[in-house]
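Student: pasting the structure only:
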């Protein structure tokens, strides 16, 4: 019986070329068989790796022991997004950032695109420091705008001016003094707890600005009287974070219900799923939900006819 000679071959595959290019690498395989005639190899079927492989497809075919091994490596070009997002999202404080968000939302949600084109672009303006904004948020809770404005103005005067609304000045105000300007006893305890957490270093203006959204939600809800809704409003209107979805806000929930023609108000988990396509600009999407639910403004001729 004729024994087949044992052969060894080493094949080196060069790294794949950049996307959208195909390179053919040919490597000669030599076989030493001095005592035997050439033994033909059967042609092997082409083997392809899964298209999920990061290098695309690889096919290998061996036609004959005396011939070359042909290796073809091709890469599937990556999907092209209609809008290229920056690596790091910036706060929504400038027109270019807002325009980038609007372009992205138009391309990702046709229903939202129609709403965007029928309303002015959003503006997010706030010059207050985090402690001042959080103090204001506590005072404004569950109050009509007119009453809240009046109480907050008296609170600022009591502190000596808005620039003097800081942890030390708020801590020095007794609950009785705060009640005299309209702040309830419960809200006075919330303000004192906020001031204490700033004074002991648990929170600070700088640390709040540096925290990511998840950490911020965790840390701020440790303050008495501050819940998820208050944190979401703070992140949107004070910090101008781009990807905040206030799933507990009634106006945003009603807007999503109307936008998508839902029979019932969406629950938080459903809100997350429905608004997934808005990422990473869910703040802007939420802003348009409020606009969608705004009562229509009367026209000039309607005002004159009723006056």
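Tutor: Great, that's in hand. As the structure is a prediction and not an experimental result, all values here were calculated from the model. Numbering: from 1, shown residues only.

Student: C-alpha only now, for contacts and for neighbours.
Tutor: Fine.

Student: Please parse the chain into its domains.
Tutor: What automatic domain parsing lists as the domains of the chain is 44-75, 92-124+240-297, 130-228.

Student: Relative to residue 234, tell me which of the ones you listed wins on proximity.
Tutor: Among those, domain 130-228 comes nearest to residue 234, with 7.1 Å by C-alpha to C-alpha.

Student: low-scoring stretches of the stretch 151-300 of the chain, by residue?
Tutor: 296-300 (pLDDT under 70).

Student: one more time with 80
Tutor: Across the stretch 151-300 of the chain, residues meeting the criterion (pLDDT under 80) sit at 295-300.

Student: What is the burial count for the closest residue to residue 119 other than its chain neighbours?
Tutor: Closest residue to residue 119 apart from its sequence neighbours, by C-alpha to C-alpha, 6 or more residues apart in numbering: residue 291 at 7.8 Å. Using other C-alpha atoms under 10 Å, the number of residues around residue 291 comes to 19.

Student: and the domains of the chain as TSV, adding distance to residue 234?
Tutor: Formatted as TSV, the domains of the chain follow (distance: least, C-alpha to C-alpha, whole Å):
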stretch	distance to residue 234
domain 44-75	42
domain 92-124+240-297	8
domain 130-228	7
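
Student: Just say helix, strand or coil for residue 122.
Tutor: Following DSSP: H, G, I helix; E, B strand; the rest coil, we place residue 122 in the coil state.

Student: can you pull the contacts of it?
Tutor: 98, 284, 287 (C-alpha atoms under 8 Å, 6 or more residues apart in numbering).

Student: Narrow those residues to those in helices?
Tutor: 98, 284, 287 (DSSP state H).

Student: quick one: secondary structure of residue 90?
Tutor: Criterion first, three-state DSSP; result for residue 90: coil.

Student: contacting residues around it?
Tutor: Neighbour list for residue 90: 97, 241, 242 [criterion: C-alpha under 8 Å, 6+ apart].

Student: do the same with residue 179
Tutor: The contact partners of residue 179, taken as C-alpha under 8 Å, 6+ apart, are 185, 188.

Student: can you do 7 Å?
Tutor: Going by C-alpha atoms under 7 Å, 6 or more residues apart in numbering, residue 179 touches residue 185.

Student: Ok, the one 4 residues further on next?
Tutor: Listed by C-alpha under 7 Å, 6+ apart, the contact set of residue 183 reads 139, 151.

Student: Check the one 10 residues further on too.
Tutor: Contact partners of residue 193, counting by C-alpha under 7 Å, 6+ apart, are 223, 224.

Student: which SS state does it fall under?
Tutor: Classification of residue 193 using three-state DSSP returns helix.

Student: what separates residue 92 from residue 204, distance-wise?
Tutor: 22 Å (C-alpha to C-alpha, to the nearest Å).

Student: What does the pLDDT read for residue 33?
Tutor: Predicted confidence (pLDDT) for residue 33: 46.

Student: Looking at the ones in helices among the contacts of residue 122, which is nearest residue 224?
Tutor: Within the ones in helices among the contacts of residue 122, the smallest distance to residue 224 is 27.0 Å, found for residue 287 (C-alpha to C-alpha).

Student: For that closest one, which non-adjacent residue is closest in space?
Tutor: The nearest residue in space to residue 287 (C-alpha to C-alpha, 6+ apart) is residue 122, at 7.3 Å.

Student: on that earlier part again, what helix or strand does the residue nearest to residue 119 sit in?
Tutor: Assigned by DSSP states H and E, residue 291 belongs to helix 282-293.

Student: can you check residue 104 too?
Tutor: Using DSSP H and E, the element containing residue 104 is helix 95-108.

Student: Give the other helices and strands that that helix contacts.
Tutor: Applying 3 or more C-alpha pairs under 7 Å, 6 or more residues apart in numbering; DSSP states H and E, we find helix 95-108 packed against helix 110-117.

Student: repeat that with 10 Å
Tutor: Applying 3 or more C-alpha pairs under 10 Å, 6 or more residues apart in numbering; DSSP states H and E, we find helix 95-108 packed against helix 110-117, helix 282-293.

Student: so which of those helices gets nearest residue 150?
Tutor: helix 282-293 (24.4 Å).

Student: Need the phi and psi values for residue 211.
Tutor: With angles defined as degrees, to the nearest 10, residue 211 sits at phi -70, psi 150.

Student: how close does it get to residue 233?
Tutor: Noted for residue 211: a distance of 16 Å to residue 233, by C-alpha to C-alpha.
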